[in-house]
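Undergrad: let's see this in three dimensions:
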Amino acid sequence: MWFRSLSLFPLTSALPFGLDELEAALGNQPFRPCGSLELMSSGFEPVLGPKAQSFVHAAEDVWTVRWVSEEKRLPGGYVRDQLADQVLAYEAREGHAPGSREKKEMKEGIEHALLPRLIPRRRRMFASIDAARGWVIVDGAASKQAEALVGAIRQRTGSLPVSPWRTQDDWGSAMTQWLATVSYT
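TA: Take a look at the predicted model:
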């Protein structure tokens, strides 16, 4: 397995759980796909594929886990267009514009009707826990997704003592300074 982009989280203290406790915690609530009326679902699945039984892969004191999230997105433009059509039909039928409560109910009805037909988007992310060197490494550049994965591990285990990795210098200014010092000969 190769990591494409990394989000790094240094451990702030020793891990309060071992390999067996992590395996049991992740296996208690495995990933299940979104239901017909759910917008989102997430969980852990076996690292080496669906036929494998292990939720944690251990190699040289590095534990790797795989997190899956599934999300359905409502098409905002379509919902607005359908709402506008329903508002026009309401005005023609009733002779006046609907109030805010009626508009809200119309919008919720449109969203509720769309939910079972939406196609979910599934994402898989890996994380490696290297307690010996003091790092949690997440395969994802988006900090929001990486922090969601770390939060999911923390939720299942009760604790994961990490903090986002911060540098002392701003990345932009460090790169500018580096480019200014490079000679092109």
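Undergrad: where do the helices sit along this structure?
TA: Ranges of helices in the chain, per DSSP state H, are 19-28, 76-94, 100-114, 143-157, 171-181.
Undergrad: mind putting those into CSV with distance to K51?
TA: C-betas here are computed from N, CA, C, even on glycine. As requested, these are arranged in CSV below (distance: least, CB to CB, whole Å):
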stretch, distance to K51
helix 19-28, 15
helix 76-94, 39
helix 100-114, 35
helix 143-157, 22
helix 171-181, 41
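Undergrad: now tabulate those helices in TSV and tack on mean neighbour count and mean pLDDT.
TA: Compiled in TSV, the helices of the chain are given as follows (neighbours: other CB atoms under 10 Å; pLDDT from 0 to 100):
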stretch	mean neighbour count	mean pLDDT
helix 19-28	16	92
helix 76-94	12	93
helix 100-114	13	92
helix 143-157	17	91
helix 171-181	9	82
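Undergrad: for M125, find the nearest of those helices.
TA: Each of those was scored for nearness to M125 using CB to CB, and the closest is helix 143-157 (5.3 Å).
Undergrad: quick one: distance of the closest one to the chain centre.
TA: Between the centre of helix 143-157 and the centre of its chain there are 8 Å (CA atoms, centre = their mean, to the nearest Å).
Undergrad: start the count at 30, not 1, going forward
TA: Yep, numbering from 30; the last one is helix 172-186 now.
Undergrad: and that helix with helix 48-57, angle?
TA: For helix 172-186 and helix 48-57, the angle between their directions (axes from the mean of the first three to the mean of the last three CA atoms, to 10 degrees) works out to 110 degrees.
Undergrad: how about residues contacting helix 172-186?
TA: Outside helix 172-186, the residues within contact range by CB atoms under 8 Å, 6 or more residues apart in numbering are 36, 38, 45-46, 50-51, 54-55, 57-58, 71-73, 94, 96, 98, 152, 154, 156, 165, 167, 169, 189, 191, 193.
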